[in-house]
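[1] Just a sequence and a predicted model for now, questions to come.
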Amino acid sequence: MSEQDDFSIVRRDPRAQWIARNRLHPLHDAFSTTQETDVRGPSGLVRKNLHKIGFIGPNGIKRIDRLKGNGMQAKGRTAKVGATKAAQLPLHQVVKPDFYVVVVADMVGGRLTSHDKDVIGQGHKLARETEAAKPESKGAVLLVCFGEIKDTTFEQAGADRLLILDSSEYHGYCPEQQIAALEQVEQEYRPEYWLFPDSVHGGADLGSRLAARLGERPAVQAWTVDINSTTSRGAGGSVDITRTTPRLLLLAEECANQIDETRHEALPIALNTVDIVTQQLHDEGRVDVDPNAIPLAEAEFIFSAGNGIHNWDQFHLVAQELGATEGASRVAVDDGFMPRFRQVGATGTWVTARVYIAVGISGAIQHMQGIGQCDKVIAINTDAGCDMVKRAALSTIGDSEAILAELLVLIRAFKNEQGTDGEESQHAA
């Protein structure tokens, strides 16, 4: 062998490579930093070192930053949340509408329901199709809301124009007065379409009254609609009925996609004059009922307990003060703390509450299926990473007994300050 021969042979260190692959090894950081992100393979191609890419999250799981610095960033084992700006949705404007699609919302509890937002989405679909049929015209969705309003998401929901009728004559059950206002809308705006949610919260009744007043033949339980034809559910949902799309529609849930890619002006408008109508039926207010007498499937406010409840007397007391219907997870039922008919979930009762408070429920898959149609979920749990906390719109992490004790104090203080009864406190919650 000649003197020019190179005896410096690069040898592989199996131990170092094993430590670099084992992120739980104490020397992992030291050995992993010696590896390059890009390496050249034996064929001469540059390849990614998959053991080097990414970072270790706070739970010890390796993550890859696919947002390129705009999401999670980490150095070593400490993950830091990058400061991200919420994306501003593009603004959809209709300066001078040539026609209107009017949506009359249920506004249960003063807020838009998921059904209302589905109907608004259908309104925009009809507006776009009408614009395509009449290229020179521009349409706007006019949202009509009655009674006390607590919602502030009209722009995100898709309202181009907003008519709020919240004076005293529109509070409570007043279909005659509402029809008088809608007749005035008909005279001033001549809508291309009238859309109502086909629901028990008032949309079906109000839409039927207006159809009779205007002499329209409405489509009910409509779920597939375009400007040419409408398909409705008939015979208890077992038969589809197709007809020419009428001017007034009572729409089923999930009739169209909700607006989520644009924000709208929600410009307020007002009617010229609306005659005050002498009501044939007088609303005498709400009647107190036992919340636990309401079936779970019909309850709008559910206070549900799981394995994390240790003081059951306290749980029942808080549910009573809130005016909520009691529910339970399967574990609580199997352990004998709650009756079987209180079980929420795929193996119990599917619920559609507007507010669902889960105390000490981690969120088994069957339970999560059962609350899939709930609007707002609030979680009280000691585990910040459980599925219920991930599903919840609001979460409180801590011992349930201490949190419920403080909640009980706040409820009673609120009642004493406002002078309200249990039912009013339920709606405030």
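    Thanks, I have it.
[2] so where is this structure shaky, pLDDT-wise?
    Filtered on pLDDT under 70, the chain yields the residue ranges 1-12, 23, 29, 31-87, 419-429.
[3] any idea which residue sits dead centre in it?
    residue 375 (5.2 Å; C-alpha atoms, centre = their mean).
[4] That one against residue 392, yeah?
    No - if you go by C-beta atoms under 8 Å, residue 375 and residue 392 don't touch, sitting 11.9 Å apart. Just so you know, the C-beta spots here come from the backbone N, C-alpha and C atoms, and that holds for glycine as well.
[5] Next, please give the residue ranges for the strands of the stretch 151-300 of the chain.
    Secondary structure of the stretch 151-300 of the chain, counting by DSSP state E, counting those that start in this stretch: strands at 161-165, 193-197, 219-225, 229-234, 239-244, 248-251, 263-264, 267-268.
[6] Alpha carbons only: can I get the fifth one in PDB?
    In other words, strand 239-244. Taking C-alpha atoms only, strand 239-244 is exported to PDB below (Å, rounded to 0.1, in the frame of the first residue of the first chain):
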ATOM      1  CA  VAL A 239     -89.900  10.600   1.600                       C
ATOM      2  CA  ASP A 240     -88.300  13.400  -0.400                       C
ATOM      3  CA  ILE A 241     -90.700  15.800  -2.200                       C
ATOM      4  CA  THR A 242     -89.300  18.000  -5.000                       C
ATOM      5  CA  ARG A 243     -91.000  21.000  -6.300                       C
ATOM      6  CA  THR A 244     -90.300  24.400  -7.900                       C
END
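[7] helices or strands up against it?
    Other helices and strands packing on strand 239-244, by 3 or more C-beta pairs under 8 Å, 6 or more residues apart in numbering; DSSP states H and E, are strand 229-234.
[8] please redo it, this time with the cut-off set to 10 Å
    Applying 3 or more C-beta pairs under 10 Å, 6 or more residues apart in numbering; DSSP states H and E, one finds that strand 239-244 contacts strand 219-225, strand 229-234.
[9] Please work out which of those is packed deepest.
    Stretch with highest mean neighbour count among those: strand 219-225 (a mean of 21; mean count of other C-beta atoms under 10 Å).
[10] circling back to that earlier point, what's near enough to touch the residue nearest to the centre of the chain?
    108-109, 111-114, 300, 352-356, 393 (C-beta atoms under 10 Å, 6 or more residues apart in numbering).
[11] ok, which pair from the residues you listed is furthest apart?
    112 and 356 (17.8 Å; C-beta to C-beta).
[12] now, which of the contacts of residue 375 sits nearest residue 332?
    residue 356 (15.1 Å).
[13] Quick check: the gap between the closest one and residue 380.
    Using C-beta to C-beta, to the nearest Å, residue 356 is found at 12 Å from residue 380.
[14] cool, residue 284 as well?
    36 Å.
[15] Those two: which is more packed in?
    Neighbour comparison, residue 284 and residue 380: the larger count goes to residue 380, with 26 against 8 (by other C-beta atoms under 10 Å).
[16] which residues sit in contact with that one?
    Each residue near residue 380 by C-beta under 10 Å, 6+ apart is listed here: 305-306, 308-309, 357-361, 388-389, 392, 394-400, 403-404, 407.
[17] Ignoring the adjacent residues along the chain, who's closest to residue 162?
    Spatially, and ignoring its direct neighbours in sequence, residue 162 is nearest to residue 266 (4.7 Å; C-beta to C-beta, 6 or more residues apart in numbering).
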